[in-house]
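S.K.: Here is a sequence with its predicted model. Questions after.
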Amino acid sequence: MEFDFSWLLLGLPVAFALGWLASRLDLRQLRIENRNAPRAYFKGLNFLLNEQQDQAIDAFIEAVQNDPDTSELHFALGNLFRRRGEYDRAVRVHEHLLSRADLSQADRDRAQHALALDFLKAGLLDRAEDALRRLEGTAFENQARLALLAIYERSRDWRQAAEIARRLDGSDQASFGGRRAHYLCEEAAGHVSGGRDAQARELLEQAVATAPAAPRARIELATLLMRQGQAEDAWQHLRALVDASPISLPLFARSLVEAAQASGHDAQARELLLASYTQSPSLDLVEALILSGAALPESGGQASVATDWYAEHLRREPSLVAASRWLARERLESEQLHPQVQRALDHAAKPLMRYRCAACGFEAQRHFWQCPGCQAWDSYPARRVEEL
């Protein structure tokens, strides 16, 4: 049977006509979608500008449903609400994103992270914790762990914080050994206040092993040992700390002298303090040297040790605090003016004896390991405000 080419000639125009009709239909549908999409966007924008956030969210949700590629609009809107403090609206946006079945895994993880930030900013720590824990194994894992660390620090759940810090130590983040030592010290402080010295000592020893160069663990352990009458062990810990962290010596100089005097290491303590003071003068070192009875070579005798040291410090450093304390042991020619001058100097010197956070500038009369203002760890230098 021969093929009739006339049918082919008749079929070509028909096929062309059908293709043309199909393309026109596709183009018409595309135009309809393009008209509908901008209309939804502008409708939502109009609601947003008129402070009608609920209607705006509904309009943007409609836009996203019509065009799945507009998930970025949801993220932008959610972040906008969070920055404005409208956390309930931010939660609605991100929960809607998570409810979408067509969302990619990357965008789903991103929405989960955004939802966790919404709860965190709103102060819903339990819901934030649950949302953050769902980010394990995702690209947001380390960010979630850092947020969890902040939650556990705020709630003073030191064991959970230590576990998260241990996981962060195993990642490519910075070392968290010092932070873990702080958590152990915080736990130990709770045991000390409850009279459980044995448990406190065990935790402090763990802290020393975790961060041997961190001053807090050794200082607090030495304090506990001194209270238990173990001056030799306290001396050994503080002596080791002089080598491990010489910059922190002003914080424990007095404790070093007390441990040395109780364990028979007076001469060695004086040598350490003198060497440190020669390299880096500090008023706290001066006080410790006076307590230890270390006299200057040109000193006129033990009765003038304090006066000599304050005068020596004034020769090295322009210190108003040292001047005030030197003057308290001297006598002016006019005895009538001495109390008023002394009171004025003491008043002016008092703020200079504070410690200042290097992160936020918060000042305090005593040294803090964690700033009460910005919650930063180890942000207080070992020196007073006058010496910064």
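M.R.: Thanks, I have it. None of these values were measured; they are calculated from a predicted model.
S.K.: At which residues are the strands of the protein located?
M.R.: 355-356, 363-364 (DSSP state E).
S.K.: Is it possible to get TSV of the ones you listed that adds distance to residue 343, mean pLDDT and mean neighbour count?
M.R.: C-beta here means a position set from N, CA and C on the backbone, and glycine is covered the same way. Shown next, in TSV, are those (distance: least, C-beta to C-beta, whole Å; pLDDT from 0 to 100; neighbours: other C-beta atoms under 10 Å):
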stretch	distance to residue 343	mean pLDDT	mean neighbour count
strand 355-356	24	90	20
strand 363-364	22	88	13
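S.K.: now those strands as TSV including distance to residue 104?
M.R.: Listed next are those as TSV, based on distance: least, C-beta to C-beta, whole Å:
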stretch	distance to residue 104
strand 355-356	48
strand 363-364	49
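S.K.: To residue 99, which of these lies closest?
M.R.: strand 363-364 (48.2 Å; C-beta to C-beta).
S.K.: outside of that closest one, which residues touch it?
M.R.: The contact list for strand 363-364, computed with C-beta atoms under 8 Å, 6 or more residues apart in numbering, reads 351, 354-357, 372, 380, 385.
S.K.: can you rerun that using 10 Å?
M.R.: Applying C-beta atoms under 10 Å, 6 or more residues apart in numbering, the contact partners of strand 363-364 are 351, 354-357, 371-373, 380, 385.
S.K.: Could I have the ChimeraX command that selects the buried members from these?
M.R.: ChimeraX command restricting these to the buried ones, with burial defined by 16 or more other C-beta atoms under 10 Å:
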select :355,356,357,371,380
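S.K.: Out of the contacts of strand 363-364, which one has the weakest pLDDT?
M.R.: Least confident entry in these, by pLDDT: residue 351, with 78.
S.K.: Please list all residues in contact with the residue nearest to that one when sequence neighbours are not counted.
M.R.: Distances taken as C-beta to C-beta, 6 or more residues apart in numbering place residue 385 nearest to residue 351, at 6.9 Å, with adjacent residues excluded. When contacts are counted by C-beta under 10 Å, 6+ apart, residue 385 touches 321, 351-356, 363.
S.K.: quick one: which of the residues you listed is nearest to residue 252?
M.R.: Closest to residue 252, out of all of these and judged by C-beta to C-beta, is residue 355, at 14.2 Å.
S.K.: what's near enough to touch the closest one?
M.R.: Residues near residue 355 by C-beta under 10 Å, 6+ apart: 251, 362-368, 371, 379-385, 388.
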